[in-house]
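Colleague: The sequence and its predicted three-dimensional model are supplied below.
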Amino acid sequence: MANFNIDSKKARTYDAIVIGSGISGGWSAKELTEKGLKTLVLERGRDVQHIKDYPTTNMMPWEFEHRERLPKAVTDANPIVSRCYNFKESSQHFFVKDNEHPYVQDKDRPFDWIRGYQVGGKSLLWARQTQRWSKYDFEGPARDKFAVEWPIGYDDIAPWYSHVEKFAGITGNKDGIDALPDGEFLAPHDLNCVEKYFKEQVSKQYKDRHIIIGRAAHITEPKQIHLDQGRAKCQHRVMCERGCPFGGYFSSNASTIPWAMKTGNMTLRPNSVVHSVIYDDKKQKVTGVRVIDATTKEMMEFYAEIIFVNAAALNTNLILLNSTSSRFPEGLGNDNGLLGKYVAFHNYRATVSGEYEGFLDSTTDGRRPNSGYIPRFRNVYKQETDFLRGYAAGFGANRQSYNDKSGMGESLKSNLLETKYGNWSVGSHMMGETIPKESNYVALEKGLKDPFGMPQLKISVAYDDNDEKMIKDYMTQVSEMFANAGFKNIRTNDNGRNPGNDIHEMGGARMGKDPKTSVLNKWNQLHVAKNVFVTDGACMTSTSTQNPSLTYMALSARAVDHAVKEMKAKNL
Amino acid sequence: MERRVALKGMAAAVGAMAVLPSWASGWNKSSLSDGKMLSADQSKVLAGVVETIIPKTDTPGAGELGVGGFVQKMVKDCYDQKAQANLAKGVDILETQSVKSFGKSFADASKEQKLQLLQGMEKSSDPDQKAFFGTVKNLTIQGYMSSEYVMTNLTHYEMIPARYHGCVPVKK
């Protein structure tokens, strides 16, 4: 019996454990297994294998019996996830339903928590925009004193951006913009006629404002490294959220997870809900993780030298807060009581739309899984407005087409089949940096358990006055840029969406130089438990304006490199 | 019973006419039949309504393409109870008015008579009747335009465009 236990423990011991298989977990797994570490990847949701488990990927529009609309019973039962733009008939199976995994939403400060519990996580569903941070983004907190200083700068991460970009496959144009560094790009997507026209107008009229094509995780020209992954050129279906049978966009499922599997060093364990990270009070060290098997509800333990926590920002906070021991009664690494605090997000509340009456003899052809992008231009080099930080913005134009739907009978029928062209419509949405604050936090609601007996997460996050001022400025500036370009019918809109609906929640376990004011060091290690690494959104000291996934990928690869060196040097 | 047999036969005929692989066919009988909330008679009136809105010409009309079933399915699954009740009510009003005005069931009325009855509803001062007409017309257009037949044969939907060109001349 004793021997059996020893063998059993040995069978549950790995070199490394990665908690989560989304964007950052997939990268941690790839890097660890490539470096020869036997790695256990724990995923709380079901397995989703590339292509095989994309049930809707090849369905034609008419095969969706509600034409992508969801039945009222579904939207009524799941009001939070139903507010997500991407939750629809073809993709709903990749989203967590509100009622399956409850959390506590602060009534006065509601946060919409959008989640994907499956192998691949939200990497199946993301918007695939991959802009690098610049040095100005990393220097922001130190310059403007709104958060602790980042312990790393652009130069620390730049080589790792290159490393992940080459593997993931990033389309983009080398624009040479100081505030938005160029990367390792595959051929860019086209800007259309009106987007190009707007680009010219803006560069004539504003010294520091630019319109560029977005940098996005789509393979526009496959390189050997992409073919080696079994991925092919993006086919412009623009149905990414169903899972792509070509592997045309980057997801853990199409890329990092099968790559890690191919090394022979990965064990992937779906349906494994991590309860906590184990701190051994005798050894004074983290030794593994406790897992609840989602199928049997049985609690089990796995052990490793290195733990990567990549459960997605807020679930990473939950796991660490729930990892209590005599040494860490308030959660692992939480000596300073900051764990779960300073949560921030991106402000996506405002849009500006308009029309352009030019280029009426032109239109676009095909579809584009990307759009134009306006890099941040506010407060980049110095503070110049009555609010802190700034915003980037999406920008796109498309030729309006419509059918005359008046009347009934044969005339209606022939009108429906005769497409007419209107003006070009132009539109923009803001992506604002928000300020991390102690009052924006997550905490354990210990009295309320989820279906696995884990405490539910209470989330309390709200906009502030800085966000309101930024919305106004965005509306004013973009409206002015539109008007100067001769766009008509310019309208601004505040969509009033809750924080969280942007799906860019960050922080709670922020990086910093000082263990008194931060949770992680410059290598994404817990200050006080050096063999635990957090490289998902939870680590973010500030949010800047860029879509964050590319930065998580780069931080993950960088942290693994350090972790393995430290392990070999016996420093962990 | 005979009506049901006839409807099933029609659906089969449509399937044969479209000549598409079976995996591409979402308009199969099962997806149509489980969405019904109207009686067989009411469904027949609704099929007449969608066919009047988009009639058969040298190509099939909305009735033949099963759009009546789509309208019912959408209202049943995606609309609130008020809209659901109003669909049945609207169908009954059409039937009653047809009998009153022309001495025959809506299904047996002529094309012109059906059009006249529907135009009456479109212009009705009763908000329920207007709402009925608006809902049915919009869903008819949606169901027709997104039907396999139309997207395959008339509007030539491309599942895999494999391209994006940002500036091309408008086809005249």
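Modeller: Ah, there it is.
Colleague: Count residues in the vicinity of the closest residue to A:Pro110 other than its chain neighbours, would you?
Modeller: Using CB to CB, 6 or more residues apart in numbering or on different chains and skipping the chain neighbours, the partner closest in space to A:Pro110 is A:Asn498 (5.0 Å). C-betas here are computed from N, CA, C, even on glycine. A:Asn498: 19 surrounding residues under other CB atoms under 10 Å in any protein chain shown.
Colleague: Could you do the one 4 residues further on as well?
Modeller: Around A:Asp502 sit 20 other residues, with neighbours defined as other CB under 10 Å.
Colleague: again with A:Arg69
Modeller: 16.
Colleague: For A:Pro159, grab phi and psi.
Modeller: According to degrees, to the nearest 10, the main-chain angles of A:Pro159 amount to phi -60, psi -30.
Colleague: what residues are up against the residue nearest to A:Pro110?
Modeller: A:Arg83, A:Pro110, A:Phe111, A:Asp112 (CB atoms under 8 Å, 6 or more residues apart in numbering or on different chains).
Colleague: Quick check: B:Ser124 touching B:Leu118?
Modeller: No - counting by CB atoms under 8 Å, B:Ser124 sits too far from B:Leu118 to count as a contact (10.3 Å).
Colleague: Settle it for me: which of these two has more neighbours?
Modeller: More crowded of B:Ser124 and B:Leu118, by other CB under 10 Å: B:Leu118, with 22 against 15.
Colleague: so what's that one up against?
Modeller: With contact set as CB under 8 Å, 6+ apart, B:Leu118 has these partners: A:Met408, B:Val49, B:Thr52, B:Ile53, B:Leu94, B:Phe133.
Colleague: 6 Å - rerun?
Modeller: For B:Leu118, the contacting residues are B:Thr52, by CB atoms under 6 Å, 6 or more residues apart in numbering or on different chains.
Colleague: now swap in the one 3 residues further on and tell me
Modeller: Residues touching B:Met121, when contacts are defined by CB under 6 Å, 6+ apart, comprise B:Gln129, B:Phe133.
Colleague: Kindly recompute the last result at 8 Å.
Modeller: The neighbours of B:Met121, taking CB under 8 Å, 6+ apart as the test, are B:Gly90, B:Ile93, B:Leu94, B:Gln129, B:Lys130, B:Phe132, B:Phe133.
Colleague: coming back round to it: which of the contacts of A:Asn498 has the most neighbours?
Modeller: A:Phe111 (25 neighbours).
Colleague: separation between that residue and A:Lys446?
Modeller: Counting by CB to CB, to the nearest Å, the gap from A:Phe111 to A:Lys446 is 19 Å.
Colleague: and if you look at A:Gly153?
Modeller: Relative to A:Lys446, and taking CB to CB, A:Gly153 is found at 39 Å.
Colleague: for A:Thr434, same thing?
Modeller: The value you get for A:Thr434 to A:Lys446, if CB to CB is used, is 28 Å.
Colleague: now swap in A:Leu180 and tell me
Modeller: A:Leu180 is 43 Å from A:Lys446, where distance means CB to CB.
Colleague: Next: A:Phe533.
Modeller: Counting by CB to CB, the gap from A:Phe533 to A:Lys446 is 27 Å.
Colleague: mind listing what the longest strand along chain A pairs with, with the direction of each?
Modeller: Secondary structure of chain A per DSSP state E: the longest strand is strand A:420-433. In the sheet, strand A:420-433 lines up against strand A:346-347 (antiparallel), strand A:350-356 (antiparallel), strand A:391-402 (antiparallel) (DSSP bridges).
Colleague: Please identify the buried residues of the longest one?
Modeller: This means strand A:391-402. Buried residues in strand A:391-402, counted by 16 or more other CB atoms under 10 Å in any protein chain shown: A:Tyr391, A:Ala392, A:Ala393, A:Gly394, A:Phe395, A:Gly396, A:Ala397, A:Asn398, A:Arg399.
Colleague: Strands of chain B, start to end?
Modeller: Using DSSP E, strands in chain B cover B:164-169.
Colleague: low-scoring stretches of it, by residue?
Modeller: B:1-36, B:172 (pLDDT under 70).
Colleague: quick one: the nearest residue to B:Gly68 once chain neighbours are set aside from B:Ile93, how far?
Modeller: The shortest distance from B:Gly68 to any non-neighbouring residue, by CB to CB, 6+ apart, is to B:Ala47 (3.8 Å). According to CB to CB, B:Ala47 stands 17 Å off from B:Ile93.
Colleague: can you check A:Met300 too?
Modeller: With CB to CB as the criterion, A:Met300 and B:Ile93 are 64 Å apart.
Colleague: out of those two, which sits in the more crowded spot?
Modeller: B:Ile93 (20 against 14).
Colleague: Once you drop chain neighbours, what's closest to that one?
Modeller: B:Ile93's closest residue in space is B:Gln129 (CB to CB, 6+ apart), at 6.5 Å.
Colleague: circling back: please say which of A:Gly153 and A:Lys446 ends up with more neighbours.
Modeller: For A:Gly153 versus A:Lys446, neighbours defined as other CB under 10 Å are more numerous around A:Gly153 (16 against 10).
Colleague: Please name the nearest non-neighbouring residue to the more buried one.
Modeller: That would be A:Phe138: by CB to CB, 6+ apart, it lies 4.9 Å from A:Gly153.
Colleague: quick one, strands of the stretch 201-350 of chain A?
Modeller: A:212-213, A:266-269, A:272-280, A:285-293, A:299-309, A:341-344, A:346-347, A:350-356 (DSSP state E, counting those that start in this stretch).
Colleague: what's the closest of those to A:Val442?
Modeller: Among the strands of the stretch 201-350 of chain A, the nearest to A:Val442 by CB to CB is strand A:341-344 (6.0 Å).
Colleague: part of a strand, is the residue nearest to A:Pro110?
Modeller: No - applying DSSP: H, G, I helix; E, B strand; the rest coil, one finds A:Asn498 to be coil, outside a strand.
Colleague: OK, contacts around A:Val202?
Modeller: A:Val202 is in contact with A:Arg209, A:His210, A:Ile211, A:Met481, A:Ala485, counting by CB under 8 Å, 6+ apart.
Colleague: Output these as JSON lines; include the columns neighbour count.
Modeller: Shown next, in JSON lines, are the contacts of A:Val202 (neighbours: other CB atoms under 10 Å in any protein chain shown):
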{"residue": "A:Arg209", "neighbour count": "16"}
{"residue": "A:His210", "neighbour count": "17"}
{"residue": "A:Ile211", "neighbour count": "24"}
{"residue": "A:Met481", "neighbour count": "23"}
{"residue": "A:Ala485", "neighbour count": "21"}
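Colleague: No more questions from me, cheers.
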